[in-house]
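1. Here is the input, now give the coordinates:
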Amino acid sequence: MTPRGHQTSANRALYSYRTRKDLIGLQAYLRGDEFMRHFSGMAPKHRIAVIMAVGKAFNACEERLAPPKRQSTRQWDAARIERLRRVYAGGDGDHQAALALGISLGAAKMARWRYLAAATTQQAA
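-> You can find the predicted model right below:
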């Protein structure tokens, strides 16, 4: 295989792991003999491009594993509260509400307590 062929093969494998966001597979590939064969077979001037592709692949894989960003309570407008109300009216629990709204389980419980419990208390009075 030519030095350019080694670079192409390594980039193709890295792109595959990056698009699938498969961190375990990427780590196994980088530890394996196949990557070392490709890396040592390519020209030194092309190695930096492959190292940069490794970095991109790691960033893409770790992006998938990152926890969702925390949302402040200021973002709860009337439409979002209505959506929260509909999810809980369907009989779904806190976990399903969290998944439907894209928030953490604790945030779903807090929103239920803050917005829905307050509304039922006001209606009863």
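2. Please, where are all the strands along this protein?
-> Assigned by DSSP state E, the chain shows no strands.
3. Domain parsing of it, as residue ranges.
-> 3-65, 73-124 (automatic domain parsing).
4. Kindly reformat those domains as JSON lines and extend each row with mean neighbour count.
-> For every residue, glycine as well, the C-beta is placed using N, CA and C. Rendered in JSON lines, the data for the domains of the chain read as follows (neighbours: other C-beta atoms under 10 Å):
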{"stretch": "domain 3-65", "mean neighbour count": "15"}
{"stretch": "domain 73-124", "mean neighbour count": "13"}
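5. can you put the ones you listed in a markdown table and add mean pLDDT?
-> Below are the domains of the chain laid out as a markdown table (pLDDT from 0 to 100):
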| stretch | mean pLDDT |
| --- | --- |
| domain 3-65 | 87 |
| domain 73-124 | 79 |
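6. so how far is residue 93 from the closest residue to residue 9 other than its chain neighbours?
-> Spatially, and ignoring its direct neighbours in sequence, residue 9 is nearest to residue 38 (5.3 Å; C-beta to C-beta, 6 or more residues apart in numbering). Using C-beta to C-beta, to the nearest Å, residue 38 is found at 49 Å from residue 93.
7. and if you look at residue 32?
-> From residue 32 over to residue 93 the distance is 44 Å, taken as C-beta to C-beta.
8. what does residue 85 give?
-> From residue 85 over to residue 93 the distance is 15 Å, taken as C-beta to C-beta.
9. same thing with residue 30?
-> 41 Å.
10. name the helices or strands packed onto the longest helix along the chain?
-> In the chain, assigned by DSSP state H, the helix with the most residues is helix 44-65. Packing partners of helix 44-65 (3 or more C-beta pairs under 8 Å, 6 or more residues apart in numbering; DSSP states H and E): helix 3-20, helix 23-31, helix 33-41.
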